[in-house]
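Trainee: sequence first, then the predicted structure:
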Amino acid sequence: MISLKASQIARITGGALLCGDPDAEADNIQYDSRQVGKGSLFVPIRGARIDPHRFISQCFEQGAAMTLTEEDAPEGADMPYIRVRDTRSALQAIAAYYRSTLNVRLIGVTGSVGKTSTKEMIAAALSKGMRVMKTQGNKNSQIGLPMTMFEIKKDDEAAVIEMGMSEFGEMDRLCDIARPQLAVMTNIGKAHIENLKTQENIMSEKLKITKHFDKDGILFLNGDDALLKTLYGKQIFRTVSFGMGRHNDYYADDISVSGFKTSFVCHHDGTETKLTIPALGVHSIMNALAAFAVGQALGIDDSLIAEGLLTYKNAPMRQQIHECGELVLIDDSYNASPEAAKAALDVLKSVARGKTIAVLADMLELGDEGAGEHYGVGKHLAEIGVDCLVAVGELSQNTARGAAENGCGCVVTAGSNEEALEKLLPLLEKNCTVLVKGSRGMHTDEIVKRLLQRYEAAE
C-alpha cells in the first residue's frame, strides 16, 4: 500500500504545496471523484468534456487527504493543495516513484492484439509458483497503467502488466513508469495503423518496451510473426521465440481439442511437456507457449506452470463462451482487428454446433487500409465455411462484400446493433453457434446482452 506525505508528493511531482499540512498522508490515489474516500489523494485529470477540478471540494467532504491541482487554491483553503503543471504527468511521476520502491519481477505485455488474454495466461502460469499481481481488465494506458502500479503490493513477487500504445512516444512514457525486466510481444498487426502509418513503425514503438532492460532482460517474441522474427538474436539482451513453427525456442504439436479445452505438447530444448488449457484456437496455444517460457525463465517448476495454466479464464468479452440451451454464444465483443477477427472466426468453426453465424461490426483505426482489411475478413469467413454473416456498420459493408463474393450464401447488413439483432433473430435455429465481435466503439456487447437476456428469459 502506498503511503505518502503531501510534502513528498510535492517533491516527487515537482509541484508546490499551496496550503495545508505538509505531513498529511495519503494511502490511496484516485482520479475518479466517485471513488474518493478517506485518505485519498485526488488527481483531477481534465477530459474532453469534464474538468474534475470542480469536484475537489466534494472530494474533501468525502474524506480526501489532499489533492493535486493545476489551479490556485481557493481563498481560505486549509487542506493540502499541491499545484503541478499537468496532473496526468504528476500521476505518472508518483507511479514511477512507487515502482522504484518495489522489489518485484515485472513482465510487460504488448502487441497489436491479444495483450489481455496473453497477460491472463502468463498470470495463470505463474500463479502456483509465485505471488502474482496482474493488470485488472485492460488498464494499460497513460492513466490506467499508473493506477495499476499502485495495486502492486510490497510482498508481490511478480507483476504481469499490459502495456498498450496507439501513438508515437506512448510506450516510452509507459516504460519510464513500469520499467519491465521481461517483456512479451504477441504480434505486429494493423491496429492503430491510422496513427502510426506502417507496421514497421508499430514494431519500432512497441520494441521500446525494452527501454530499461539490463543484461538480464529477456524479450519473448512471437517467432511466427513476419516482423517480430527479424528481431530474434539481434538485441543486446536475450531473445526467446515461441510459436507453432519448429524453428522457435518453444513450439507446440500433437494438438487435440475436447469440449472447450485444448491439449498439446510443448517442445523446448529437447524436452516435451504435455499441457492443457481451458481455451480454444491457435492463438490460445501461442499465449500458453509464451506463458510457459516466462514461467521457466522465472524458475518455476514445469509441473506448477502446467497446473497454473489450467486455472486460466478468458477476460470478459474476450472469447467468453456461453452455453444457452441449444445455442452456443461466443462473446468476443471487447475489441477487434483483422488478425483477431480471423482468429475468432477459426474458433467459431472449431466449436461449431450446427449452423454457424458471425456478427461482425466495424474494425476501427485502420485508416486507408480499412476497406481492404474488412474485405479480407469476409473472404476468410467464406473460405472456412461459416454459414451466415451479419455485418454491422459502414466499414463492414466491405466484410459483407468479401463474404458474398467468395461463396458465403447468407449475408445480411445492418446499420446499428438494434437492426443487427432484428436481422439475427430469424437466422437462429436449434444447435446454432454465434460469434459476436467488433471494435470497442461499436458496442457489440449490447447484442450479446440482448441475446443472453432472451435465452435466460426462455429458460
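Mentor: Received, thanks.
Trainee: so what touches stretch 211-221?
Mentor: For stretch 211-221, the external contacting residues (Cβ atoms under 8 Å, 6 or more residues apart in numbering) are 171-172, 175-176, 179-185, 209-210, 228-229, 231-232, 235-242, 290, 293-294, 297. Bear in mind the C-beta positions are built from the backbone N, C-alpha and C, glycine included.
Trainee: can you name the next helix or strand after the worst-scoring helix or strand of the chain on mean pLDDT?
Mentor: Ranked by mean pLDDT, DSSP states H and E, the helix or strand of the chain with the weakest confidence is helix 193-196, at a mean of 72. Where DSSP states H and E defines the elements, the next helix or strand beyond helix 193-196 is helix 199-206.
Trainee: show me what counts as buried in that following helix.
Mentor: Within helix 199-206, the residues that count as buried by 16 or more other Cβ atoms under 10 Å are 199, 202-203, 205-206.
Trainee: gap between it and the chain center?
Mentor: Taking Cα atoms, centre = their mean, to the nearest Å, one finds the center of helix 199-206 at 18 Å from the center of the full chain.
Trainee: helix or strand next in line after the helix or strand that contains Leu360, which one?
Mentor: In this assignment (DSSP H and E), Leu360 forms part of strand 355-361. The first helix or strand that comes after strand 355-361 along the chain, using DSSP H and E, is helix 370-384.
Trainee: for that next one, name the packing helices and strands.
Mentor: Counting contacts by 3 or more Cβ pairs under 8 Å, 6 or more residues apart in numbering; DSSP states H and E, helix 370-384 is packed against helix 338-350, strand 355-361, strand 388-392, helix 396-405.
Trainee: geometrically speaking, which residue is the centre of this protein?
Mentor: Closest residue to the average C-alpha location of the chain: Thr116 at 3.2 Å, with Cα atoms, centre = their mean.
Trainee: now do the same for it: helix, strand or coil?
Mentor: Assigned with DSSP: H, G, I helix; E, B strand; the rest coil, Thr116 falls in the helix class.
Trainee: what's the pLDDT at it?
Mentor: At Thr116, the predicted lDDT confidence score is 89.
Trainee: do you know how far it is from Ile277?
Mentor: Per Cβ to Cβ, to the nearest Å, Thr116 is found 16 Å from Ile277.
Trainee: so where's the stretch 51-200 of the chain shaky on pLDDT?
Mentor: 137-138, 140, 191-192, 194 (pLDDT under 70).
Trainee: rewinding a little: give me the buried entries from the contacts of stretch 211-221.
Mentor: For those, a neighbour count by 16+ other Cβ under 10 Å gives the buried set as 171, 175, 179-185, 209-210, 228-229, 231-232, 239-242, 290, 293-294, 297.
Trainee: so which of these are in strands?
Mentor: 182-185, 239-242 (DSSP state E).
Trainee: what kind of secondary structure is the residue lying closest to Asp253 once chain neighbours are set aside in?
Mentor: Once flanking residues are discounted, Asp253 sits nearest to Val265: 5.7 Å by Cβ to Cβ, 6 or more residues apart in numbering. State at Val265, reduced to three classes by three-state DSSP: strand.
Trainee: what sits against Glu307?
Mentor: So Glu307 contacts Lys128 (Cβ under 8 Å, 6+ apart).
Trainee: name the SS class of it, please.
Mentor: Classified using three-state DSSP, Glu307 is helix.
Trainee: and the pLDDT at it?
Mentor: For Glu307, pLDDT reads 98.
Trainee: all strands for the stretch 1-150 of the chain, in order.
Mentor: Using DSSP state E, counting those that start in this stretch, the strands of the stretch 1-150 of the chain run over residues 4-5, 16-19, 25-26, 28-30, 40-42, 66-69, 81-83, 105-110, 132-134.
Trainee: export those to a markdown table and tack on distance to Asp249 and mean neighbour count?
Mentor: Listed next are the strands of the stretch 1-150 of the chain as a markdown table, based on distance: least, Cβ to Cβ, whole Å; neighbours: other Cβ atoms under 10 Å:
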| stretch | distance to Asp249 | mean neighbour count |
| --- | --- | --- |
| strand 4-5 | 42 | 20 |
| strand 16-19 | 52 | 16 |
| strand 25-26 | 45 | 20 |
| strand 28-30 | 40 | 20 |
| strand 40-42 | 44 | 26 |
| strand 66-69 | 46 | 26 |
| strand 81-83 | 48 | 23 |
| strand 105-110 | 17 | 26 |
| strand 132-134 | 23 | 22 |
